[in-house]
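Q: next come a sequence and a model predicted from it.
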Amino acid sequence: MRLDLLISTMLATMTIAAPATAKPDAASCAAATRYSDAHRGVAVYVLDRGKMVCDTAQGASTTPHELWSGTKSFVGIIAAAAVQDGLLTLDEPAAATLVEWRDDPQKSRITIRQILSMTSGQSSVIGKPPTYRDSLDGALIADPGTRFLYGPTPMQTFGEIMKRKLKAAGQSDDVLAYLKRRVLDPIGLRYADWRKGIDGNPLLPQGAVLTAAEWAKFGEFVRAGGMVAGKPIVDPASFAAMFKGSTVNPAYGLTWWLPHVGKAADPITAGTDIGRRAAELPADIVLAAGAGDQRLYVIPSLGLTIVRMAELNIAALMNPPKDPAERWSDVDFLKLLKATD
(Lines give C-alpha, C1' and ligand atoms only; values in the text may rest on other atoms or scores of the structure.)
Protein backbone atom coordinates (compact mmCIF):
# COMPACT_ATOMS: atom_id res chain seq x y z
CA MET A 1 0.00 0.00 0.00
CA ARG A 2 1.35 3.45 -0.86
CA LEU A 3 2.67 5.35 2.15
CA ASP A 4 0.60 8.47 1.40
CA LEU A 5 -2.60 6.41 1.19
CA LEU A 6 -1.71 4.61 4.42
CA ILE A 7 -1.18 7.92 6.24
CA SER A 8 -4.45 9.30 4.85
CA THR A 9 -6.32 6.21 6.01
CA MET A 10 -4.79 6.42 9.47
CA LEU A 11 -5.68 10.11 9.82
CA ALA A 12 -9.23 9.48 8.67
CA THR A 13 -9.78 6.81 11.28
CA MET A 14 -8.08 8.57 14.19
CA THR A 15 -10.23 9.92 17.01
CA ILE A 16 -8.98 13.36 17.96
CA ALA A 17 -9.89 14.37 21.48
CA ALA A 18 -11.85 17.60 21.67
CA PRO A 19 -10.30 20.33 23.78
CA ALA A 20 -11.63 20.55 27.29
CA THR A 21 -14.45 23.04 27.69
CA ALA A 22 -14.72 25.09 30.85
CA LYS A 23 -17.98 24.67 32.72
CA PRO A 24 -19.76 26.70 35.38
CA ASP A 25 -18.58 25.50 38.78
CA ALA A 26 -18.77 26.69 42.36
CA ALA A 27 -16.00 29.24 41.91
CA SER A 28 -17.32 30.67 38.66
CA CYS A 29 -20.87 30.78 40.00
CA ALA A 30 -19.66 32.72 43.03
CA ALA A 31 -17.70 35.14 40.85
CA ALA A 32 -20.65 35.71 38.51
CA THR A 33 -22.98 36.18 41.47
CA ARG A 34 -20.68 38.78 43.01
CA TYR A 35 -20.74 40.65 39.72
CA SER A 36 -24.52 40.35 39.54
CA ASP A 37 -24.96 41.49 43.14
CA ALA A 38 -22.81 44.55 42.45
CA HIS A 39 -25.40 45.48 39.79
CA ARG A 40 -28.54 45.11 41.97
CA GLY A 41 -28.74 41.36 41.36
CA VAL A 42 -31.13 39.14 43.30
CA ALA A 43 -30.77 35.75 41.58
CA VAL A 44 -28.36 33.74 39.44
CA TYR A 45 -29.59 30.31 38.42
CA VAL A 46 -27.86 28.01 35.95
CA LEU A 47 -28.78 24.67 34.40
CA ASP A 48 -26.15 22.59 32.61
CA ARG A 49 -28.03 20.13 30.37
CA GLY A 50 -30.95 20.32 32.74
CA LYS A 51 -28.95 19.88 35.95
CA MET A 52 -28.82 22.80 38.36
CA VAL A 53 -25.18 23.81 38.80
CA CYS A 54 -25.51 27.32 40.14
CA ASP A 55 -28.00 28.80 42.59
CA THR A 56 -26.11 31.22 44.76
CA ALA A 57 -28.89 33.72 45.35
CA GLN A 58 -29.62 32.67 48.93
CA GLY A 59 -33.18 31.63 48.21
CA ALA A 60 -34.02 34.38 45.73
CA SER A 61 -34.34 31.77 43.00
CA THR A 62 -37.59 30.70 44.67
CA THR A 63 -38.93 34.25 45.05
CA PRO A 64 -41.19 35.48 42.20
CA HIS A 65 -39.75 38.43 40.32
CA GLU A 66 -40.89 40.75 37.54
CA LEU A 67 -39.46 39.81 34.15
CA TRP A 68 -40.47 43.14 32.66
CA SER A 69 -39.68 42.93 28.93
CA GLY A 70 -38.39 39.41 29.41
CA THR A 71 -42.10 38.65 29.07
CA LYS A 72 -41.94 39.42 25.34
CA SER A 73 -40.09 36.18 24.63
CA PHE A 74 -43.28 34.25 25.43
CA VAL A 75 -45.11 36.07 22.64
CA GLY A 76 -43.05 34.48 19.88
CA ILE A 77 -43.84 31.08 21.38
CA ILE A 78 -47.56 31.91 21.38
CA ALA A 79 -47.26 32.68 17.66
CA ALA A 80 -45.40 29.43 16.95
CA ALA A 81 -48.11 27.46 18.79
CA ALA A 82 -50.83 29.32 16.86
CA VAL A 83 -49.15 28.46 13.56
CA GLN A 84 -49.08 24.78 14.50
CA ASP A 85 -52.78 25.02 15.38
CA GLY A 86 -53.62 26.56 12.02
CA LEU A 87 -54.78 29.82 13.58
CA LEU A 88 -52.40 32.06 11.66
CA THR A 89 -49.26 32.30 9.51
CA LEU A 90 -46.37 34.63 10.17
CA ASP A 91 -46.56 36.33 6.79
CA GLU A 92 -50.27 36.89 6.57
CA PRO A 93 -51.40 40.53 6.69
CA ALA A 94 -52.57 41.54 10.14
CA ALA A 95 -55.46 43.28 8.39
CA ALA A 96 -56.88 39.86 7.55
CA THR A 97 -57.92 39.83 11.20
CA LEU A 98 -57.86 43.52 12.11
CA VAL A 99 -60.68 44.87 10.00
CA GLU A 100 -59.86 48.40 11.19
CA TRP A 101 -56.64 48.28 9.15
CA ARG A 102 -58.02 47.02 5.85
CA ASP A 103 -58.58 50.43 4.25
CA ASP A 104 -55.38 52.00 5.56
CA PRO A 105 -52.73 52.08 2.78
CA GLN A 106 -49.89 51.50 5.27
CA LYS A 107 -51.40 49.35 8.00
CA SER A 108 -53.00 47.01 5.47
CA ARG A 109 -49.47 45.94 4.47
CA ILE A 110 -48.27 45.02 7.97
CA THR A 111 -47.63 41.31 8.48
CA ILE A 112 -47.69 39.37 11.74
CA ARG A 113 -43.96 38.72 11.30
CA GLN A 114 -43.33 42.48 11.21
CA ILE A 115 -45.37 42.97 14.36
CA LEU A 116 -43.34 40.33 16.22
CA SER A 117 -40.02 41.68 14.91
CA MET A 118 -40.89 45.27 15.92
CA THR A 119 -40.69 46.42 12.30
CA SER A 120 -44.38 47.22 11.79
CA GLY A 121 -43.80 50.97 11.97
CA GLN A 122 -46.00 51.37 15.06
CA SER A 123 -44.95 53.94 17.65
CA SER A 124 -44.57 52.99 21.31
CA VAL A 125 -43.85 54.57 24.65
CA ILE A 126 -41.60 52.18 26.54
CA GLY A 127 -43.14 51.23 29.87
CA LYS A 128 -46.63 52.41 28.89
CA PRO A 129 -48.43 49.61 27.05
CA PRO A 130 -51.75 50.59 25.49
CA THR A 131 -54.80 48.37 25.73
CA TYR A 132 -55.08 45.70 23.06
CA ARG A 133 -57.73 47.69 21.21
CA ASP A 134 -55.99 51.06 21.58
CA SER A 135 -52.79 49.60 20.12
CA LEU A 136 -54.52 49.54 16.73
CA ASP A 137 -54.98 53.30 16.66
CA GLY A 138 -52.52 55.99 15.68
CA ALA A 139 -50.63 56.65 12.50
CA LEU A 140 -47.47 54.72 11.71
CA ILE A 141 -44.19 56.59 12.10
CA ALA A 142 -42.39 54.42 9.53
CA ASP A 143 -43.38 52.31 6.56
CA PRO A 144 -43.81 48.63 7.47
CA GLY A 145 -40.55 46.73 7.30
CA THR A 146 -38.28 49.78 7.15
CA ARG A 147 -37.44 50.56 10.78
CA PHE A 148 -36.98 48.77 14.09
CA LEU A 149 -39.12 50.43 16.77
CA TYR A 150 -38.85 48.69 20.12
CA GLY A 151 -41.76 49.05 22.50
CA PRO A 152 -44.96 47.58 23.91
CA THR A 153 -47.47 48.50 21.20
CA PRO A 154 -46.76 45.65 18.74
CA MET A 155 -47.03 43.03 21.50
CA GLN A 156 -50.43 44.36 22.53
CA THR A 157 -51.51 44.40 18.87
CA PHE A 158 -50.56 40.75 18.62
CA GLY A 159 -52.67 40.14 21.71
CA GLU A 160 -55.68 41.61 19.92
CA ILE A 161 -54.99 39.47 16.86
CA MET A 162 -54.80 36.33 19.02
CA LYS A 163 -58.04 37.17 20.84
CA ARG A 164 -59.87 37.47 17.54
CA LYS A 165 -58.24 34.36 16.08
CA LEU A 166 -59.17 32.29 19.11
CA LYS A 167 -62.73 33.58 19.16
CA ALA A 168 -63.15 32.87 15.42
CA ALA A 169 -61.96 29.30 16.08
CA GLY A 170 -64.63 28.84 18.74
CA GLN A 171 -62.14 28.90 21.62
CA SER A 172 -61.79 31.08 24.69
CA ASP A 173 -60.20 34.37 23.69
CA ASP A 174 -58.02 34.44 26.82
CA VAL A 175 -54.50 34.65 25.37
CA LEU A 176 -52.79 33.72 28.63
CA ALA A 177 -55.03 30.66 29.03
CA TYR A 178 -54.00 29.63 25.52
CA LEU A 179 -50.29 29.99 26.35
CA LYS A 180 -50.79 28.05 29.57
CA ARG A 181 -52.63 25.19 27.89
CA ARG A 182 -50.40 24.94 24.84
CA VAL A 183 -46.94 25.52 26.32
CA LEU A 184 -46.63 26.30 30.01
CA ASP A 185 -48.53 23.27 31.30
CA PRO A 186 -46.70 20.81 29.00
CA ILE A 187 -43.30 22.08 30.20
CA GLY A 188 -44.40 22.26 33.84
CA LEU A 189 -43.97 26.02 34.20
CA ARG A 190 -45.97 27.84 36.85
CA TYR A 191 -45.99 31.62 36.88
CA ALA A 192 -46.63 33.43 40.16
CA ASP A 193 -48.54 36.28 38.55
CA TRP A 194 -49.17 37.88 35.19
CA ARG A 195 -50.22 41.50 35.37
CA LYS A 196 -53.17 42.72 33.33
CA GLY A 197 -53.93 45.99 31.64
CA ILE A 198 -56.89 48.23 32.34
CA ASP A 199 -58.81 46.28 29.69
CA GLY A 200 -58.43 43.10 31.74
CA ASN A 201 -56.16 41.44 29.19
CA PRO A 202 -52.75 40.01 30.15
CA LEU A 203 -49.90 42.40 29.40
CA LEU A 204 -47.75 40.77 26.75
CA PRO A 205 -44.85 43.26 26.73
CA GLN A 206 -44.10 43.13 30.46
CA GLY A 207 -46.59 41.21 32.60
CA ALA A 208 -44.97 37.96 33.74
CA VAL A 209 -43.83 37.35 37.32
CA LEU A 210 -41.79 34.15 37.74
CA THR A 211 -39.15 32.64 39.96
CA ALA A 212 -35.71 32.15 38.47
CA ALA A 213 -36.20 28.38 38.54
CA GLU A 214 -39.48 28.64 36.61
CA TRP A 215 -38.03 31.00 34.00
CA ALA A 216 -35.23 28.48 33.53
CA LYS A 217 -37.86 25.88 32.56
CA PHE A 218 -38.81 28.12 29.65
CA GLY A 219 -35.15 28.39 28.69
CA GLU A 220 -34.83 24.62 28.73
CA PHE A 221 -37.83 24.35 26.42
CA VAL A 222 -36.12 26.73 24.00
CA ARG A 223 -32.82 24.85 24.34
CA ALA A 224 -34.68 21.65 23.44
CA GLY A 225 -35.85 23.21 20.18
CA GLY A 226 -39.46 23.75 21.23
CA MET A 227 -39.94 20.07 21.99
CA VAL A 228 -41.34 18.09 24.89
CA ALA A 229 -40.38 14.42 25.14
CA GLY A 230 -38.85 14.66 21.68
CA LYS A 231 -42.00 16.01 20.00
CA PRO A 232 -42.49 19.60 18.80
CA ILE A 233 -45.39 21.28 20.57
CA VAL A 234 -45.09 24.41 18.42
CA ASP A 235 -44.51 24.83 14.69
CA PRO A 236 -40.80 24.04 14.05
CA ALA A 237 -40.33 26.56 11.21
CA SER A 238 -41.95 29.35 13.23
CA PHE A 239 -39.88 28.38 16.25
CA ALA A 240 -36.70 28.65 14.18
CA ALA A 241 -37.85 32.03 12.82
CA MET A 242 -37.80 33.47 16.33
CA PHE A 243 -34.01 33.33 16.27
CA LYS A 244 -33.43 34.95 12.88
CA GLY A 245 -32.98 38.71 12.78
CA SER A 246 -34.65 40.99 10.27
CA THR A 247 -32.77 42.91 7.59
CA VAL A 248 -33.73 46.06 9.48
CA ASN A 249 -32.30 44.79 12.76
CA PRO A 250 -30.21 41.59 12.72
CA ALA A 251 -29.97 41.81 16.52
CA TYR A 252 -33.65 41.03 17.08
CA GLY A 253 -35.63 38.05 15.87
CA LEU A 254 -39.27 37.44 16.72
CA THR A 255 -39.26 38.62 20.37
CA TRP A 256 -35.70 37.35 21.09
CA TRP A 257 -32.35 39.17 21.11
CA LEU A 258 -29.50 37.77 19.03
CA PRO A 259 -25.69 38.18 18.97
CA HIS A 260 -25.59 40.69 16.13
CA VAL A 261 -25.04 44.42 16.07
CA GLY A 262 -28.21 46.50 16.45
CA LYS A 263 -28.49 50.21 15.77
CA ALA A 264 -31.70 51.09 17.62
CA ALA A 265 -31.57 53.71 20.38
CA ASP A 266 -33.90 52.01 22.86
CA PRO A 267 -32.65 51.17 26.39
CA ILE A 268 -32.63 47.41 25.88
CA THR A 269 -30.48 47.61 22.74
CA ALA A 270 -28.13 49.99 24.52
CA GLY A 271 -28.13 47.83 27.63
CA THR A 272 -26.77 44.62 26.11
CA ASP A 273 -23.36 44.03 24.61
CA ILE A 274 -23.98 40.61 23.06
CA GLY A 275 -24.05 42.29 19.65
CA ARG A 276 -20.97 44.45 19.73
CA ARG A 277 -18.99 41.71 21.51
CA ALA A 278 -20.50 38.78 19.62
CA ALA A 279 -17.07 37.42 18.71
CA GLU A 280 -16.54 36.56 22.39
CA LEU A 281 -19.73 34.48 22.63
CA PRO A 282 -21.07 31.20 21.24
CA ALA A 283 -22.77 31.97 17.93
CA ASP A 284 -26.01 30.27 18.99
CA ILE A 285 -26.65 32.26 22.17
CA VAL A 286 -30.12 33.83 22.35
CA LEU A 287 -31.41 36.24 24.95
CA ALA A 288 -34.67 37.29 26.57
CA ALA A 289 -34.07 40.64 28.24
CA GLY A 290 -36.00 42.96 30.52
CA ALA A 291 -35.59 46.33 32.16
CA GLY A 292 -33.21 46.29 35.11
CA ASP A 293 -31.07 43.70 33.29
CA GLN A 294 -33.40 40.75 33.79
CA ARG A 295 -31.86 38.02 31.67
CA LEU A 296 -32.57 34.57 30.28
CA TYR A 297 -29.62 33.28 28.24
CA VAL A 298 -29.95 30.05 26.27
CA ILE A 299 -26.79 28.53 24.76
CA PRO A 300 -27.65 25.20 23.07
CA SER A 301 -24.08 24.41 21.99
CA LEU A 302 -22.94 24.50 25.63
CA GLY A 303 -26.11 22.94 27.03
CA LEU A 304 -26.66 25.96 29.25
CA THR A 305 -29.73 27.86 30.43
CA ILE A 306 -28.88 30.86 32.59
CA VAL A 307 -31.22 33.16 34.52
CA ARG A 308 -30.18 36.43 36.08
CA MET A 309 -32.64 38.67 37.94
CA ALA A 310 -32.16 42.11 39.47
CA GLU A 311 -34.01 44.96 41.12
CA LEU A 312 -35.25 47.60 38.71
CA ASN A 313 -33.67 51.00 39.27
CA ILE A 314 -35.67 53.51 37.22
CA ALA A 315 -33.10 56.28 37.67
CA ALA A 316 -30.29 54.06 36.42
CA LEU A 317 -32.45 52.88 33.54
CA MET A 318 -33.22 56.40 32.35
CA ASN A 319 -29.72 57.74 33.10
CA PRO A 320 -27.23 54.90 32.68
CA PRO A 321 -23.74 55.41 34.13
CA LYS A 322 -21.36 57.18 31.77
CA ASP A 323 -18.50 54.96 32.86
CA PRO A 324 -18.82 51.64 30.95
CA ALA A 325 -17.21 49.85 33.90
CA GLU A 326 -20.26 50.71 36.02
CA ARG A 327 -22.78 49.33 33.53
CA TRP A 328 -24.08 45.79 33.34
CA SER A 329 -22.19 43.67 30.81
CA ASP A 330 -23.74 40.44 29.58
CA VAL A 331 -20.42 39.29 28.17
CA ASP A 332 -18.42 39.99 31.34
CA PHE A 333 -21.05 38.16 33.40
CA LEU A 334 -21.01 35.14 31.08
CA LYS A 335 -17.22 35.05 31.07
CA LEU A 336 -17.12 34.99 34.86
CA LEU A 337 -19.62 32.13 34.72
CA LYS A 338 -17.45 30.24 32.20
CA ALA A 339 -20.32 30.28 29.73
CA THR A 340 -18.47 31.61 26.68
CA ASP A 341 -16.13 28.74 25.74
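A: Done, it's in.

Q: and the closest residue to M227 other than its chain neighbours, what is it in contact with?
A: Excluding its sequence neighbours, the residue lying closest to M227 (C-beta to C-beta, 6 or more residues apart in numbering) is I233, at 6.9 Å. (C-beta placed from N, C-alpha, C; glycine too.) Contacts for I233 (C-beta atoms under 8 Å, 6 or more residues apart in numbering) come out as 81, 84, 182-183, 186, 226-227.

Q: try 7 Å
A: 182-183, 186, 226-227 (C-beta atoms under 7 Å, 6 or more residues apart in numbering).

Q: and if you look at F333?
A: Applying C-beta under 7 Å, 6+ apart to F333 gives the contacts 32, 35-36, 308.

Q: grab the longest helix from the chain for me.
A: helix 153-168 (DSSP state H).

Q: how far off centre is it?
A: Centroid separation for helix 153-168 versus its chain: 19 Å, with C-alpha atoms, centre = their mean, to the nearest Å.

Q: buried set for it?
A: Across helix 153-168, burial judged by 16 or more other C-beta atoms under 10 Å covers 153-166.

Q: which of those residues lies closest to Y45?
A: Using C-beta to C-beta, M155 comes nearest to Y45 of the buried residues of helix 153-168, at 25.3 Å.

Q: tell me who's in contact with the closest one.
A: Residues near M155 by C-beta under 7 Å, 6+ apart: 72, 75, 204-205.

Q: show me the shaky parts of the stretch 201-341 of the chain.
A: Scanning the stretch 201-341 of the chain for pLDDT under 70 picks out 314-324.

Q: could you redo the last one with a cut-off of 90?
A: Within the stretch 201-341 of the chain, the set of residues satisfying pLDDT under 90 comprises 262-271, 312-327, 341.

Q: count of residues packed around L179?
A: Number of residues near L179 (other C-beta atoms under 10 Å) recorded here: 24.

Q: surely it meets A80?
A: No: using C-beta atoms under 7 Å, L179 is not in contact with A80, being 11.0 Å away.

Q: which residue ranges of this protein form strands?
A: All strands of the chain, identified by DSSP state E, fall at 41-48, 51-55, 65-66, 193-194, 208-210, 227-228, 231-232, 286-290, 294-299, 304-310.

Q: quick one: strands adjacent to the third one?
A: In the sheet, strand 65-66 lines up against strand 208-210 (antiparallel) (DSSP bridges).

Q: tell me which two in the contacts of F333 are the farthest apart.
A: Greatest spacing in those, by C-beta to C-beta: Y35 and R308 (9.6 Å).

Q: which one of those two is surrounded by more residues?
A: More crowded of Y35 and R308, by other C-beta under 10 Å: R308, with 29 against 19.

Q: what's opposite that one in the beta bridge?
A: V44, R295.

Q: for the residue lying closest to G207 once chain neighbours are set aside, give its distance to G159.
A: Nearest residue to G207, sequence neighbours excluded (C-beta to C-beta, 6+ apart): R195, at 4.2 Å. Distance, R195 to G159, by C-beta to C-beta, to the nearest Å: 13 Å.

Q: swap in F218?
A: According to C-beta to C-beta, F218 stands 19 Å off from G159.

Q: good, we can wrap up now.
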